[in-house]
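Enquirer: Any chance you could fold what I've pasted below:
(3 chains)
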Amino acid sequence: MFLPAALAVLMLCAAPAWAEDASAGVQRATGGVTEAVLFYVFGGLTLASALGVAVSRSVVRMAVWLFGTLGSVAMLYFLLAANFLAAIQLIVYVGGTLLLLIFGVMLTTRSPWARFEARPAEVWSAWAVCMLLLVGLTALIGRVAWPAERAEAAGFSIAAIGRELLTTYLAPFEVASVLLLVVMIGAAYLARQEN
Amino acid sequence: MLVVGLTHYLVLAAAVFCIGLFVMMTKRNIIGILIGVELILNACNINLVAFNRFHGGSLDGQITALFVIVLAAAEAAIAVAISVNFYKNLSTIDADRGDALRG
Amino acid sequence: MSQFAVPWRDKGPLPLNTVGRLTVRIAILVYTLARPVLSRFAGFILLSAMFASVLLAWAVYGLFGYVENAVRDAPGTVADFQAALERSSVPLASVVAYPLWPLQYPIVRDVIGLCGVFAIILLIPMFAIWWERKVAGRIQSRCGPMRVGGWHGWAQSMADGLKLVCKEDLVPSDADRALFLVAPYLAFVPAVLAFVALPFGTYWVFRNLDVGLVFVLAMLEVEVVGVIVAGWASNSKWSLYGAMREACQMVSYEIPMGLALLIPIMCVGSLSLTVAGDAQSGGWHTWLAFRNPFTFVAFVTYYIAALASCKRAPFDLPESESELVAGFHTEYSGWRWCLFFFAEYAAMFVVCGLATAMFLGAWHSPLPASWAPKSDAIWAGAIRGAMFGGPVWFIAKCLFLLYVQLWLRWTLPRIRIDQVLHACIHTLLPLTMLLLLGNTVWEVLVGPGDVLFVVVNVLMSIVGAVFVLGFVAIAAYGWWNRRRLVQPRGWKYAVDLLKGS
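Expert: Below is the predicted model:
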């Protein structure tokens, strides 16, 4: 019981470090094997957590599986040399959006085990549609003649992100700020206590 | 299979997208539907960042993903507020029960 | 003995196989033989253990440096490694090449580094828990733990840990079992991950992330999820109330914490913690807390917000023992509760570590680093580590800030949840925003070369020095007059009392 958990924790702790190393090209000497292994590990975790979300019956469990998905996607961002985005994903998505969803769950549940499920016909038809979409997308992805890929990640610094936000993307930046203000006011108004 | 390229990430993102779509279609709990929306947004983000890494000469992919994260947080806030209102009015969070238009 | 009958099924004594029984017998034998020696020389053993661990850390660090310098390209065979070592004139290369050969692989170095990180994260909470009980005792005019292990009960934490591990593993029958089991790990793992990016020195960091600060802040925030899941999964209203209050408080106080940390980042120009530490290497006046009044007040604001974010008193309503039983970890016992506690004390240390790295000069001493001897010899390295900066300075400063946290917990009364949130949103948040604005204007209009900048810098350094020296003076006064202060009628009364007993 204890030893595998301890090993898993150990490996988890090294994960962002190895992902960042792999993205920085440190392991290029071994032919990108580390990057491949880490991609399969984190990609597998993402898929497994997403499937957990789909299969879970209680909403709180769905939220915890979503936490797993968001964390794995953050590790994928580390692997894709988007360090800043990974950290922002962890802060905003996990520490903000997920927390919001969990609060929403707790404010709207009568009992922890209340569950209402779709009828089996709906589930099967949804599954069929999604499988069809997945097969179609994969076939499409396989058929496109993608242009040449860049082997090494371009080293963008965080200063570059800041500069882009304040020059090229200034208008969306300001609009997003105003939008967040409107959202704060709107959410506070919508969820107020009626006396 | 050993050298991971763009298509690997695209297929992964497509899979997460389809799972998110499944969640949105089958869950009746409004918060469950919201969780599906988050999965779909994450899939799109993976696509954006993967393109930025493998094709990008500039930071467009990462900045767009940043904006997507911010907007996802905003819409989750509003959606949770709406669902709290829904629960207050109808005493249930089942989306199928919200089928009567009141004048 | 029916009056001791329990309503649940008694599982009997701990079932152990032969190996288990043998281990227990050997442990009891070793303890019985070692206890007189241990109690008598406990202080000496502790000091030498600390000294030995410092030497070991330094030796491993030097070793890694040698190996990295010797091998610049891909890892090779033992013969290649030996040749590379001989090129860098490492003594006894032929003997040393064999055991050190695995160190060529970065993954082996990573695993050893991870073991170091794990050692830190296990030892620091144990030390902090013991120290808290001693400090609490001293503030309450009693001694704290004195027995376990001899000298001032230093082994109390280990004994508590052993007791907690042997406790029965309780899971409430109505609880969500899977979430209940997972929640302590959800709270503990982010605390460990935060240590991955926390620098103890310029190269004493497991991974020098260029987004180090944001990563550590993210890890502190992920802990909230573990706490909420714990409160929810316990299926008890006390746990749920504690979890909701705690999440509310932690998330609210992350905002002034993050904004207050933006202020030194603006002065340094990078999100990396090692860059921020290196920017403070010029002595007392270059420490970012003493750069201008805005950073000084930002340091205080960050510290208060961090106190609330770690749910420490006076903001410890989520764990208030007198009100909520035990808050979100009411239903947890034994090893899982231990994990929550470790996570809390590790988070306390991480928060102090951030304050030290960003405001208090990270691992540098008050002396400027340019005065340090520059040679590569061992004696020069020792002087540099002891007097001019190094991991020991970092840990010492963190422990001082930790001490202030412990001190505040046992001195200030607890405040209500609405007062907590009022303090955050009505006081700390506007203050932090004003500081951010002020510091921006200051950095733009009064650049680092200006006369006004230097004057204000010197003034704030003097203010800081006054604070520190004042603290030292008051502490010295208190220690010198300790008997007289405890007994208000004069220490002679205390001495007479002691003689009479």
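
Enquirer: Sketch out the low-pLDDT regions of the stretch 1-150 of chain C for me.
Expert: Scanning the stretch 1-150 of chain C for pLDDT under 70 picks out C:1-16, C:70-76, C:85, C:87-96.

Enquirer: burial measure for A:Pro120, as a count.
Expert: Using other CB atoms under 10 Å in any protein chain shown, A:Pro120 has 8 neighbouring residues. C-beta here means a position set from N, CA and C on the backbone, and glycine is covered the same way.

Enquirer: Please report the confidence value the model assigns to it.
Expert: Predicted confidence (pLDDT) at A:Pro120: the value is 87.

Enquirer: and it, how far is that from chain B?
Expert: 10 Å (CB to the nearest CB, to the nearest Å).

Enquirer: Quick check, central residue of chain A?
Expert: For chain A, the residue nearest the mean C-alpha position is A:Leu70 (3.2 Å; CA atoms, centre = their mean).

Enquirer: need the contact list for that one.
Expert: Under the criterion of CB atoms under 8 Å, 6 or more residues apart in numbering or on different chains, the neighbours of A:Leu70 are A:Gln89, A:Leu90, A:Tyr93, A:Val94, A:Leu98, B:Glu38, B:Asn42.

Enquirer: what does A:Glu194 give?
Expert: A:Glu194 touches B:Lys88, counting by CB under 8 Å, 6+ apart.

Enquirer: The residue nearest to the centre of chain A: which element?
Expert: Assigned by DSSP states H and E, A:Leu70 falls within helix A:59-79.

Enquirer: Can you name the next helix or strand after that helix?
Expert: Downstream of helix A:59-79 (by DSSP H and E), the next one is helix A:83-88.

Enquirer: before we move on, back to that, looking at the contacts of A:Leu70, spot the one nearest C:Leu164.
Expert: When these are compared for distance to C:Leu164 (CB to CB), A:Val94 wins out at 29.0 Å.

Enquirer: Please report phi then psi for C:Gly389.
Expert: As for C:Gly389, its main-chain torsions (degrees, to the nearest 10) stand at phi 130, psi 150.

Enquirer: Let me see the ranges of the helices in chain B.
Expert: Under the criterion DSSP state H, chain B contains helices at B:6-26, B:30-55, B:60-90.

Enquirer: The residue nearest to C:Asp210 when sequence neighbours are not counted: what's it in contact with?
Expert: Once flanking residues are discounted, C:Asp210 sits nearest to C:Ser272: 5.0 Å by CB to CB, 6 or more residues apart in numbering or on different chains. For C:Ser272, the contact set (CB under 8 Å, 6+ apart) comprises C:Asn208, C:Leu209, C:Asp210, C:Val211, C:Gly212, C:Leu213.

Enquirer: possible to save those residues as JSON lines with distance to C:Val463, neighbour count and secondary structure?
Expert: JSON lines is the format used below for the contacts of C:Ser272 (distance: CB to CB, whole Å; neighbours: other CB atoms under 10 Å in any protein chain shown; DSSP: H, G, I helix; E, B strand; the rest coil):
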{"residue": "C:Asn208", "distance to C:Val463": "33", "neighbour count": "16", "secondary structure": "coil"}
{"residue": "C:Leu209", "distance to C:Val463": "33", "neighbour count": "26", "secondary structure": "coil"}
{"residue": "C:Asp210", "distance to C:Val463": "33", "neighbour count": "20", "secondary structure": "coil"}
{"residue": "C:Val211", "distance to C:Val463": "32", "neighbour count": "24", "secondary structure": "coil"}
{"residue": "C:Gly212", "distance to C:Val463": "29", "neighbour count": "26", "secondary structure": "helix"}
{"residue": "C:Leu213", "distance to C:Val463": "26", "neighbour count": "26", "secondary structure": "helix"}
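
Enquirer: Can you tell me the SS state at the residue nearest in space to the middle of chain C?
Expert: Closest residue to the average C-alpha location of chain C: C:Phe349 at 2.2 Å, with CA atoms, centre = their mean. Per DSSP: H, G, I helix; E, B strand; the rest coil, the local secondary structure of C:Phe349 is helix.

Enquirer: Kindly state the pLDDT recorded for it?
Expert: 94.

Enquirer: Tell me if I'm right that it and C:Leu402 touch.
Expert: Yes - taking contacts as CB atoms under 8 Å, C:Phe349 lies within contact range of C:Leu402: 6.4 Å.

Enquirer: Mutual contacts of these two, please.
Expert: Contacts common to C:Phe349 and C:Leu402, judged by CB under 8 Å, 6+ apart, are C:Ala128.

Enquirer: How is the chain partitioned into domains?
Expert: Just so you know, I chose chain A. What automatic domain parsing lists as the domains of chain A is A:2-115, A:157-195.

Enquirer: That was the other one, I meant chain C.
Expert: C:16-115, C:167-445, C:453-501.

Enquirer: what is the mean pLDDT for the shortest one?
Expert: Going back to what we said before, that points to domain C:453-501. Here the average pLDDT along domain C:453-501 is 79.

Enquirer: Run a quick neighbour tally on B:Ile93.
Expert: 25.

Enquirer: Quick check: chain neighbours aside, which residue is closest to it?
Expert: A:Thr108 (4.4 Å).

Enquirer: What residues does the stretch 151-300 of chain C have near chain A?
Expert: C:176, C:178-179, C:182, C:185-186, C:188-189, C:192-193, C:196, C:206-207, C:209-211, C:214-215, C:217-219, C:221-222, C:224-225, C:228-229, C:232-233, C:235, C:240, C:244, C:247, C:251, C:254, C:269-271 (CB under 8 Å from any CB of the partner chain).
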